[in-house]
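*Asks:* compute the structure for the input listed below.
(one chain, ligands or ions: 1)
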Amino acid sequence: MKEVQNFIGGRHVRGTSGRTFENRTPVDGSLISIVHEAGAADVDQAVAAARAALSGEWGRMDVPERAALLHRVADEINRRFDEFLEAEVADTGKPASLARHIDIPRGAANFKIFADMVKNVPTESFEMKAPDGSRVLNYSIRTPKGVIGVVCPWNLPLLLMTWKVGPALACGNTVVVKPSEETPTTAALLGEVMNAVGVPPGVYNVVQGFGPNSAGEFLTRHPGVDAITFTGETGTGTAIMKAAAEGVRPVSFELGGKNPAIVFADCDFDAAVEGTMRSAFANCGQVCLGTERVYVERPIFERFVAAMKQRAEGLKLGRPFDPETGMGPLISRGHQDKVLSYYRKAVQDGATVVTGGGIPAMAPELMDGAWVQPTIWTGLADDAACVREEIFGPCCHIRPFDSEDEVVRLANDTPYGLAAAVWTSNLSRAHRMGAALDVGICWINSWFLRDLRTPFGGAKQSGIGREGGVHSLEFYTELRNVCVKL
Ligand code: NAD
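*Replies:* The predicted model follows:
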């Protein structure tokens, strides 16, 4: 049986807790590996290794050297592309076509983009006159924050982890990563990549395990961690923020969402259907930026619902490497239970089930997988649980609207504020919506187009801070002013 280990100080180690857990693929429930859980002592060691690396060879590298090394990390991920692809697909069950085009290439790109960014960061300087008339020069320098704790979710494991590890290392920090217990493999594999290209031991560490009373809590409570970056549920973010309060340590949070899509009658209809299909059902609806609330202007409401129904019923569910597969399973049987409970709740709350609503008929050998049907509802009240709470499954509620003011009010009536997608051919309206929606990212006539130089993050309870391009410097570096009397 394959083993997945911790990666501490440049070595793959089982750890000292003596505890292991099973890693099963959600495709058919079969066992793919045994994972060694890190105990508190292992987290101590990982943090100590990361601390020591800060003042070693890594800390002495200049920016171009560090950037060149991170380019080699990206090249090595690409060289071992198929291994990463197979590991990610086995852990998540997602279609290989998706991981091949998004997860793995972005996993590599995250190292290159931030390596290039840090080479081009300007610094500010100001001159002034001292009271005695002599000149004074102020200039700012950026230093690494130190040891960064990186806590990751399971929906885009390598992509979201490297989205944080890339800028953290580019800025000269060291990291201790806690991957999701559901998807431990690619983080461990990245350890092999780090060793192969010569990243000094201790710069990149991985501790495997769960959240509370396990590696996640041990890491976020650890006083040797200088800052914590986290992607996951808003509730978990609340717990981590409490842990970070001890020692007043900064956090960067990318949290949950309940994102709206807004479809105006003047839109390119086919593009709006295509975009909304992807935003509702890609990755089996397990994308933080995905759409679970769809608002459609009344004149095209019936036609839009009918088109979505037809497309959703055409989605083929199946094994990841089957080229026909358009949607995989959810991440786990536990998550399947949660999503199905929302499917039942929608019916109890009076929804019209346009399509789906249950477990699909799969081949007998897949019936132990975490499958659910792509599901569309209409007719729910605005305060129904399925309209207000993040489900994180392949489902959406579609509701008609009559005016721009009404839809802005509906879209913003949520504690979340991650993303929105607006479909319209009216240029002025597009810009008005971009300004009116309380979100971190507003797409106009598109969804999931990402330029990694742009600020990324959530408004309201969807996050704290922005990462991406130079915005990542705010979290991953300390800015110091040096004041020199000449
Ligand atoms: P989760 O919050 O359950 O878990 C995320 C990570 O936190 C896991 O590694 C988990 O082990 C760890 N964890 C759990 N409790 C902890 C604790 N008390 N202390 C320390 N660590 C702890 O999230 P998930 O189910 O893995 O991912 C789905 C969620 O992530 C959804 O809410 C989704 O919207 C969100 N998400 C947000 C973004 C974004 O960019 N805003 C991106 C992807 C996912």
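
*Asks:* name the residues of this protein found near the ligand, please.
*Replies:* 151-155, 160, 178, 180-181, 210-212, 216-217, 220, 231-233, 236, 239-240, 254-257, 288, 390, 392, 418, 458, 462-463 (C-beta under 6 Å from any ligand atom). For the C-beta atoms, the positions are set from N, CA and C on the backbone; glycine is no exception.

*Asks:* mind running it again at 5 Å?
*Replies:* Residues of the chain lying close to the ligand by C-beta under 5 Å from any ligand atom are 151, 153-154, 180, 211-212, 216-217, 220, 231-233, 236, 239, 254, 256, 288.

*Asks:* what about burial for the residues you listed, which qualify?
*Replies:* Buried members of the residues of the chain next to the ligand, scored by 16 or more other C-beta atoms under 10 Å, are 151, 153-154, 180, 211, 216-217, 220, 231-233, 236, 239, 254, 256, 288.

*Asks:* which of these fall in helices?
*Replies:* Among those, the members falling in helices (DSSP state H) are 216-217, 220, 236, 239.

*Asks:* export these as JSON lines, with columns for pLDDT and distance to residue 375.
*Replies:* Formatted as JSON lines, those follow (pLDDT from 0 to 100; distance: C-beta to C-beta, whole Å):
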{"residue": "216", "pLDDT": "98", "distance to residue 375": "31"}
{"residue": "217", "pLDDT": "98", "distance to residue 375": "34"}
{"residue": "220", "pLDDT": "98", "distance to residue 375": "35"}
{"residue": "236", "pLDDT": "98", "distance to residue 375": "25"}
{"residue": "239", "pLDDT": "98", "distance to residue 375": "30"}
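
*Asks:* and the residue of the stretch 1-150 of the chain closest to the ligand?
*Replies:* residue 149 (8.9 Å; C-beta to the nearest ligand atom).

*Asks:* list the contacts of residue 418.
*Replies:* Contact analysis of residue 418 by C-beta atoms under 8 Å, 6 or more residues apart in numbering lists 255-257, 259, 288-289, 439-441, 458-459, 462-463.

*Asks:* which pair in these spans the largest distance?
*Replies:* 256 and 441 (14.5 Å; C-beta to C-beta).

*Asks:* ok, the ones in helices among the buried ones among the residues of the chain next to the ligand vs residue 374, which is closest?
*Replies:* Taking these together and measuring to residue 374 by C-beta to C-beta, the closest member is residue 236, at 26.6 Å.

*Asks:* the residue lying closest to the closest one once chain neighbours are set aside: what's it in contact with?
*Replies:* Spatially, and ignoring its direct neighbours in sequence, residue 236 is nearest to residue 211 (6.5 Å; C-beta to C-beta, 6 or more residues apart in numbering). Contacts for residue 211 were tallied using C-beta under 8 Å, 6+ apart; they are 181, 217, 236, 239.

*Asks:* now do the third one against residue 363, distance only.
*Replies:* By that I understand residue 236. Distance, residue 236 to residue 363, using C-beta to C-beta, to the nearest Å: 35 Å.

*Asks:* could you do residue 413 as well?
*Replies:* Counting by C-beta to C-beta - residue 413 and residue 363 are separated by 42 Å.

*Asks:* when the two are compared, which one has more neighbours?
*Replies:* residue 413 (14 against 10; other C-beta atoms under 10 Å).

*Asks:* surely that one is in contact with residue 399?
*Replies:* No: Residue 413 sits out of contact with residue 399 when judged by C-beta atoms under 8 Å, with a separation of 11.9 Å.

*Asks:* now the common contact residues for the two.
*Replies:* residue 382.

*Asks:* list the contacts for the closest residue to the ligand within the stretch 51-200 of the chain?
*Replies:* In the stretch 51-200 of the chain, no residue comes nearer to the ligand than residue 153, which is 3.2 Å away by C-beta to the nearest ligand atom. By C-beta under 8 Å, 6+ apart, the contact set of residue 153 is 160, 180, 231-233.

*Asks:* those into JSON lines, with extra columns for distance to residue 405?
*Replies:* Listed next are these as JSON lines, based on distance: C-beta to C-beta, whole Å:
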{"residue": "160", "distance to residue 405": "36"}
{"residue": "180", "distance to residue 405": "41"}
{"residue": "231", "distance to residue 405": "34"}
{"residue": "232", "distance to residue 405": "34"}
{"residue": "233", "distance to residue 405": "32"}
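
*Asks:* so which of those residues comes closest to residue 166?
*Replies:* Nearest member of those to residue 166, counting by C-beta to C-beta, is residue 160, at 10.9 Å.

*Asks:* wait, the closest one sits on residue 232?
*Replies:* No: taking C-beta under 8 Å as the definition, residue 160 is not a contact partner of residue 232, at 9.3 Å.

*Asks:* spit out the residues that contact those two alike.
*Replies:* Joint contacts of residue 160 and residue 232 (C-beta under 8 Å, 6+ apart) are 152-153.

*Asks:* so residue 483 sits in a strand?
*Replies:* Yes: checked against DSSP: H, G, I helix; E, B strand; the rest coil, residue 483 lies within a strand.

*Asks:* who's it bridged to?
*Replies:* residue 138 (DSSP bridges).

*Asks:* tell me the residue in this protein that is farthest from the middle.
*Replies:* residue 132 (53.9 Å; C-alpha atoms, centre = their mean).

*Asks:* doesn't it fall inside a helix?
*Replies:* No: per three-state DSSP, residue 132 lies outside any helix segment and is coil.

*Asks:* return the distance of it relative to residue 126.
*Replies:* From residue 132 to residue 126 the distance is 18 Å (C-beta to C-beta).

*Asks:* what does residue 11 give?
*Replies:* Counting by C-beta to C-beta, the gap from residue 11 to residue 126 is 47 Å.

*Asks:* please enumerate the strands of the stretch 201-350 of the chain.
*Replies:* 204-206, 227-231, 251-254, 259-263, 291-297 (DSSP state E, counting those that start in this stretch).

*Asks:* deepest in the core, which of those strands is it.
*Replies:* Greatest average neighbour count among the strands of the stretch 201-350 of the chain goes to strand 204-206 (a mean of 30), per mean count of other C-beta atoms under 10 Å.

*Asks:* so what touches that strand?
*Replies:* Contacts of strand 204-206 (C-beta under 8 Å, 6+ apart): 6-9, 46, 49-50, 165, 169, 174-179, 187-188, 190-191, 194.

*Asks:* show only the entries of the residues you listed found in helices.
*Replies:* Going by DSSP H, the helices hold 46, 49-50, 165, 169, 187-188, 190-191, 194 from these.

*Asks:* out of these, which is nearest to residue 328?
*Replies:* For the ones in helices among the contacts of strand 204-206, the nearest to residue 328 is residue 187 (20.3 Å; C-beta to C-beta).

*Asks:* the closest one reaches residue 154, doesn't it?
*Replies:* No: counting by C-beta under 8 Å, residue 187 does not reach residue 154; the two are 11.0 Å apart.

*Asks:* give me the mean pLDDT for stretch 301-316.
*Replies:* In this model, stretch 301-316 has a mean pLDDT of 98.
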